[in-house]
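Colleague: what's the 3D shape of this:
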Amino acid sequence: MRTKRLVALVVLVAMVIAVTPIATGGAAPVLGEAFPVCTADYGQVQPDIDYPWIVWKDERESTSRDDTDIYAYNFQTGEESVVCTAAGEQSNPSVSGDWVVYSDDRADDGYCDIYAYNLVTKEERLVAGGGNIYRGNPAIDGDIIVHNYWDNTDSAHYGDIWAYDLSTDEGWELCGLPGQQREAEIADGWAVWRDERAPGYSIGGYDFAGSEVTTIAQSYYNAADDYAYYTDPSTDGGLVVAEKHGVWGEDSSSRTAIVLIDTETMEEVIISQETQEGDRRHPVISDGFVTWHDSRVGVYEVYCYDIVAEKEACIVPAVWDEAAGDGGEWVSWAGRTTTGDGIVAWHDHRVEDPAVNEDATGYDDLYAMYLHPLETVQNPVEGEDRYGTSVQVSEQTFPEGADTVIVTTGANWPDALAAASLAGAYGAPVLLTRPTELPEDIAAEIERLGATDAFILGSTSAVSNAVKAEVEAVIGGPATRLGGANRYETANLIAEETVDMLGGDWDGTAFVATGNNFPDALAASPLSSFTGYPIFLANADGISDETQAVMDDLGVADVYLLGSPGVLPAAAEAQVKTAGAIKVTRIAGDTRYETAVGAATFGVEELGMSWSQLAIATGENYPDALSAGPAQGLKGSVMLLTTPLTLHGATAAAIEANQAAIWQVDWVGSTAAISQAVRDAVEAIFAL
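Modeller: Alright, predicted model coming up:
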């Protein structure tokens, strides 16, 4: 994976837009409930989404399915529009921004062309056509279109992948290797396709940044009980999903699976698999979700996999009616799916009483579902004190418990923030304690979690042996203390434990923050938890010799300095290079609030995190956010800081710029920490 998740959550995490759409007929759809997009006669199939648009192939004018059209629907306005009703068959639409591309055989010459249509300006453009060439299955991302290319007069080019740039009106060959390449998809700098060269179907790809064709998943045949091939690729954010078919595994069973592949490492992970019975078909990846239609019950249902949570769920189950037919029958099931911007859509087959059109279950209606709240949720995370807030964070993040807990002092901040990577590595909550007494609500939370292991952070002056003994009594066994002579040594010990736990999952990256103040480490704690990148602490003179030695021993190669040179001295850059770092990057702003924005933006754009469940904490004090920062990383989301009485300008600008991706705001602490005026200001941004 591009950024390996270190713990699986219980619920699907939606990384999506937060606006209230208007459904067909003007009724607002309900979160997690199917609603009709189009129920016109006969079939509505092959959907594709790029919010606010969904497009599809429409069969309402042709019972023989040889004169089909392209239609569009706007989720924001609830309006359906015609894209193309030219003669012949228009099919396989793909949408990006305001542009739709589709296959079109209006020329009636036995071949197929590619057209583009702008949903706002109504401009139609012939992208690629003419000659004895069949062009089909287009896909679009921004201005770039990819499509299949079959030249019937040249066997060397019978099955290539071509590209076209709308901004320059230029087309070119992406892949012209022997054999056939087809089913091209494109997103975020990658084109992928099914490659039919021997020994079987593989997944090929083109990296636009490197202008390079590569094999993403190679088919193989070792024996009748050990082979695999791949079909139906889809890509987003540098990740690729595909169907995998064949016989593999210790039991040599025939299998079908959905696999997820990281284009940086080409690591393949099976996210859903079935042996013998059932099938998984046509996976689509977008904005943190993978959807597919799945026949494990005998007919197709819609399944969704949340990449951050590493969890799959059936979101559109088939319906069996015992009273129907002769002994019961399926009265509702699904077909091919698509997903985008936190919306899933699918072909829907259902028996309706009374009937709404001419198709019954022999054809397809188009339905959709929102996987996120329709309005931004304002979620207060607060207790009676810092310890109670710590419990609230744990309860919300670990509703089904956790095997390990991390206990640290609530009287100071360094140990708790350095613990973020450890929390990510172990999938553990960070709970606060008084130095000499374990609060009753913390003890109760450890018991609720069912934890059997614990880390105590800091020396006995930070967390006494008496508290350690109380924790051990609750978990029923020994707890491990990670405590040095000072905060810097404790952070080093935490880093060593984290890297040891992660093993090969740690890629040599680390953060360095000042040990003299909390804001920069606090803002980066979600990133540290999400990735497992440890946080080392520096003093006013930079990084100590002891810390440099630990970094060198661990093999730190890539370092992110947190904060401006006024906070973290310029000497730190040279010092981490002395410790073996190859690449050093500073994440900084003029203020702690701007640095927090920079850290959050880096987390989303470079690490694969999300704005979806944004946390906001005060930048003036630390206690409430000590537990919340690591928990944010476990949810795959980021944190911003604000002044207590007014919403800081940098924070407001970041929220406004990313409001479409935010569906929940976690307010960390009471209104004494973050005033109601600040909360109202954020809510006003979402009301615009």
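Colleague: switch to C-alpha atoms for all contacts and neighbour counts from now on
Modeller: Fine.
Colleague: residue ranges for the strands of the stretch 1-150 of the chain, please.
Modeller: If you assign secondary structure with DSSP state E, counting those that start in this stretch, the strands in the stretch 1-150 of the chain sit at 35-38, 44-50, 53-58, 69-74, 79-84, 90-96, 99-104, 113-118, 124-128, 133-141, 144-151.
Colleague: centre of the chain to the longest one, how far?
Modeller: Yep, that's strand 133-141 we're talking about. Between the mean C-alpha location of strand 133-141 and the chain-wide mean there is a distance of 27 Å, by C-alpha atoms, centre = their mean, to the nearest Å.
Colleague: paired strands for it, with orientation please.
Modeller: When sheet partners are counted by DSSP bridges, strand 133-141 sits next to strand 144-151 (antiparallel).
Colleague: picking up where we left off before, who wins for proximity to A416 among the strands of the stretch 1-150 of the chain?
Modeller: With C-alpha to C-alpha as the measure, strand 44-50 is the member of these nearest A416 (40.6 Å).
Colleague: export the closest one as PDB, just CAs?
Modeller: Output for strand 44-50, consisting of C-alpha atoms alone and laid out as PDB, is shown next (Å, rounded to 0.1, in the frame of the first residue of the first chain):
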ATOM      1  CA  GLN A  44     -29.800   2.300 -17.500                       C
ATOM      2  CA  VAL A  45     -26.300   0.800 -17.300                       C
ATOM      3  CA  GLN A  46     -22.500   1.500 -17.300                       C
ATOM      4  CA  PRO A  47     -22.600   4.400 -14.700                       C
ATOM      5  CA  ASP A  48     -19.600   6.600 -13.900                       C
ATOM      6  CA  ILE A  49     -19.400   9.300 -11.300                       C
ATOM      7  CA  ASP A  50     -17.400  12.500 -10.800                       C
END
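Colleague: all strands for the stretch 301-450 of the chain, in order.
Modeller: Taking DSSP E, counting those that start in this stretch to define them, one finds strands in the stretch 301-450 of the chain at 301-306, 311-316, 319-321, 329-340, 343-350, 365-370, 377-381, 404-409, 430-433.
Colleague: got these as JSON lines, with distance to G542, mean pLDDT and mean neighbour count columns?
Modeller: Below are the strands of the stretch 301-450 of the chain laid out as JSON lines (distance: least, C-alpha to C-alpha, whole Å; pLDDT from 0 to 100; neighbours: other C-alpha atoms under 10 Å):
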{"stretch": "strand 301-306", "distance to G542": "40", "mean pLDDT": "91", "mean neighbour count": "24"}
{"stretch": "strand 311-316", "distance to G542": "42", "mean pLDDT": "88", "mean neighbour count": "18"}
{"stretch": "strand 319-321", "distance to G542": "64", "mean pLDDT": "86", "mean neighbour count": "13"}
{"stretch": "strand 329-340", "distance to G542": "45", "mean pLDDT": "85", "mean neighbour count": "22"}
{"stretch": "strand 343-350", "distance to G542": "47", "mean pLDDT": "88", "mean neighbour count": "26"}
{"stretch": "strand 365-370", "distance to G542": "49", "mean pLDDT": "90", "mean neighbour count": "24"}
{"stretch": "strand 377-381", "distance to G542": "35", "mean pLDDT": "89", "mean neighbour count": "17"}
{"stretch": "strand 404-409", "distance to G542": "25", "mean pLDDT": "97", "mean neighbour count": "26"}
{"stretch": "strand 430-433", "distance to G542": "27", "mean pLDDT": "97", "mean neighbour count": "27"}
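Colleague: nearest to T585, out of these?
Modeller: Among the strands of the stretch 301-450 of the chain, strand 430-433 comes nearest to T585, with 27.9 Å by C-alpha to C-alpha.
Colleague: who are the packing partners of that closest one?
Modeller: For strand 430-433, the helices and strands in contact under the criterion 3 or more C-alpha pairs under 8 Å, 6 or more residues apart in numbering; DSSP states H and E are helix 386-397, strand 404-409, helix 440-449, helix 625-635.
Colleague: fine by me, we can end here.
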